[in-house]
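>>> show me how the following folds:
(one chain, ligands or ions: 1)
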Amino acid sequence: QSGSVAANPEQYDESYLCPVQVGGQTLNLDFDTGSADLWVFSTLTPATQSTGHAKYNPKTSGKAKSGYTWNISYGDNSGASGTVYADKVVVGGVTATSQAVEAATSVSTQFMQDTDNDGLLGLAFSTINTVQPQQQTTFFDTVKGTLAKKLFTVDLKAGTAGTYDFGYIDSSKYAGTITYVPVKTTNGFWEFTAGAATANNRSLGSVGDAIADTGTTLMYLPTAVTSAYYAQISGATNSAAAGGYIFPCDADVPDFHITIGGKSFTVPGEYINFTPADNSGEQCFGGIQPNTGIGFTILGDVFLKAMFVVFDQTTSAPRLGFAAQ
Ligand SMILES: O=C(CCCl)NNC1=[NH+]CCN1
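Numbers count the residues shown, from 1 in each chain. Predicted coordinates:
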């Protein structure tokens with residue numbers, strides 16, 4: 001089987017939400033290549049936390065997995081926890097007849113407050129799924145044996161709907177050729193080695209170990225690369241108060257170029273002029289921030305929305321394919 005689902009951006013492209021049928025109920029989920037749990041707001045979530053969200057009701061067709069629990073925390077310190085059911089999950093027509101559906105009994109304030117978001121669908125490797133006492137497979141791992149090709153593609157867009165495709169590559173969605181790089185799976189992420197970064201034809205240094213993460217909004221780069229980039233924007237400062245690099249909203253923000261697999265890819269400067277940093281709209285918050293304390297680079301939506309990316313498990317050695325949109 002194969003299928004395609006829309007990826008609808010929230011305001012400022014903060015995250016992208018996709019309609020998914022869970023036990024016949026449609027919920028809008030954040031597809032996340034940086035985690036491996038499929039969890040949903042549910043009738044088990046306290047009303048004080050679930051107001052405004054669509055909720056999965058396991059009573060309809062869910063089969064409780066007795067004694068199974070989950071508890072996840074993300075890189076941005078958001079998190080959730082709960083219990084586990086098996087139910088039918090359909091994404092863009094691709095059907096998992098019995099998928100582990102993790103029903104939330106508690107969610108952090110970030111999730112409570114984002115009422116567009118009814119849960120997450122993890123697309124990292126199942127080795128980092130948090131269900132105990134027995135780890136569960138991601139939607140992709142559950143269905144991959146039934147897909148025409150064991151791959152999915154990600155085509156996020158700036159300010160408009162993109163797509164996640166499962167089981168095939170739609171060559172109308174990218175320009176030029178796809179450049180493939182090997183993936184290191186030991187941390188459970190789609191992790192690879194990126195190369196040299198430049199802006200205004202000046203070297204910013206090398207990016208190095210990086211993950212492709214649809215669940216993270218911004219790009220978190222090595223501190224040296226980040227400071228070299230903002231040195232080229234007059235008025236840019238690293239503001240503790242703002243929580244990162246900001247600059248005058250009318251500044252000239254240069255394109256960011258990164259080499260992957262020997263090919264150069266471009267993130268337009270306008271994507272890096274991310275959001276107003278204050279109510280006056282005078283200072284804007286950068287879409288590139290330092291990866292301090294993370295230990296690797298995260299290439300999140302600001303990067304991905306300039307790209308067409310193939311998450312490929314067609315062979316025993318997973319790989320990532322990158323193309324310009
Ligand atoms: O947690 C991470 C970073 C992994 Cl290093 N990405 N995924 C995600 N989902 C919700 C917030 N962030």
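>>> tell me which residue in the stretch 201-325 of the chain sits closest to the ligand.
Closest to the ligand within the stretch 201-325 of the chain is G215: 2.9 Å, counting by Cβ to the nearest ligand atom. From N, CA and C alone the C-beta is placed, and that goes for glycine too.
>>> quick check: the gap between E14 and T259.
Distance of E14 to T259, given as Cβ to Cβ, to the nearest Å: 28 Å.
>>> and the residue of the stretch 201-325 of the chain closest to the ligand, what element?
G215 is part of no helix or strand when elements are defined by DSSP states H and E.
>>> which residue is the nearest non-sequential neighbour of it?
Closest residue to G215 apart from its sequence neighbours, by Cβ to Cβ, 6 or more residues apart in numbering: D32 at 3.1 Å.
>>> can you read off the pLDDT for the one you found?
pLDDT, D32: 99.
>>> show me the contacts for it.
With contact taken as Cβ atoms under 8 Å, 6 or more residues apart in numbering, D32 is in contact with L120, L121, G122, L123, A124, D213, T214, G215.
>>> what about the fourth one, how many neighbours?
The reference is to L123. L123 has 26 neighbours, counted by other Cβ atoms under 10 Å.
>>> check the last one too.
Counted with other Cβ under 10 Å, residues neighbouring G215 total 24.
>>> isn't it up against L29?
No: counting by Cβ atoms under 8 Å, G215 sits too far from L29 to count as a contact (10.8 Å).
>>> where do the contact lists of those two overlap?
L120.
>>> coming back round to it: the residue nearest to G215 pairs with what?
Counting by DSSP bridges, D32 forms beta bridges with G122.
>>> now V5
The partner residues for V5, given DSSP bridges, come to Y164.
>>> roughly how far apart are it and the ligand?
18 Å (Cβ to the nearest ligand atom, to the nearest Å).
>>> cool, and F41?
According to Cβ to the nearest ligand atom, F41 and the ligand sit 14 Å apart.
>>> quick one: contacts for that residue?
L27, S50, H53, A54, K55, Y56, A104, V107, F111, D118, G119.
>>> let's see 6 Å
Contacts here follow Cβ atoms under 6 Å, 6 or more residues apart in numbering; on that basis F41 touches S50, H53, K55, A104, D118, G119.
>>> could you find the closest non-adjacent residue to it?
Nearest in space to F41, with sequence neighbours left out and distances taken as Cβ to Cβ, 6+ apart, is H53 at 4.2 Å.
>>> how deep is the one you found tucked in, by neighbour count?
23.
>>> give me the pLDDT value at it.
On the pLDDT scale, H53 gets 98.
>>> what ranges does the stretch 201-325 of the chain have for its helices?
Here the stretch 201-325 of the chain has its helices, by DSSP state H, counting those that start in this stretch, at 223-230, 269-272, 301-304.
>>> may I see the buried residues of the second one?
Read that as helix 269-272. For helix 269-272, the neighbour count (16 or more other Cβ atoms under 10 Å) marks G269, Y271, I272 as buried.
>>> among those, which are within reach of the ligand?
The subset of those within reach of the ligand, by Cβ under 6 Å from any ligand atom, is empty.
>>> and which of the residues you listed is nearest G243?
Distance to G243 across the buried residues of helix 269-272 (Cβ to Cβ) is lowest for I272, with 16.0 Å.
>>> that closest one touches G287, doesn't it?
Yes: under the criterion of Cβ atoms under 6 Å, I272 makes contact with G287 at 4.1 Å.
>>> ramachandran angles for the residue positioned nearest the centre of the chain?
Nearest residue to the geometric centre of the chain (Cα atoms, centre = their mean): T214, 1.5 Å. Here is the backbone geometry of T214 (degrees, to the nearest 10): phi -70, psi -20.
>>> what's near enough to touch it?
By Cβ under 6 Å, 6+ apart, the contact list for T214 reads F31, D32, T33.
>>> three-state assignment of the closest residue to the ligand within the stretch 51-200 of the chain?
Closest approach between the stretch 51-200 of the chain and the ligand, counting by Cβ to the nearest ligand atom: G75, at 3.0 Å. Secondary structure of G75, reduced to three states by DSSP: H, G, I helix; E, B strand; the rest coil: coil.
>>> for it, give me phi and psi.
phi -60, psi -30.
>>> tell me, how many residues neighbour it?
16.
>>> quick check: residues of the protein near the ligand?
So far as Cβ under 6 Å from any ligand atom goes, the chain lies against the ligand at D32, G34, S35, Y74, G75, D76, S78, D213, G215, T216, I298.
>>> cutoff 8 Å now
Taking Cβ under 8 Å from any ligand atom as the criterion, the neighbours of the ligand within the chain are 15, 30, 32-35, 74-76, 78, 110, 120, 189, 211, 213-216, 294, 296, 298, 300.
>>> that's all I had, so thanks and see you.
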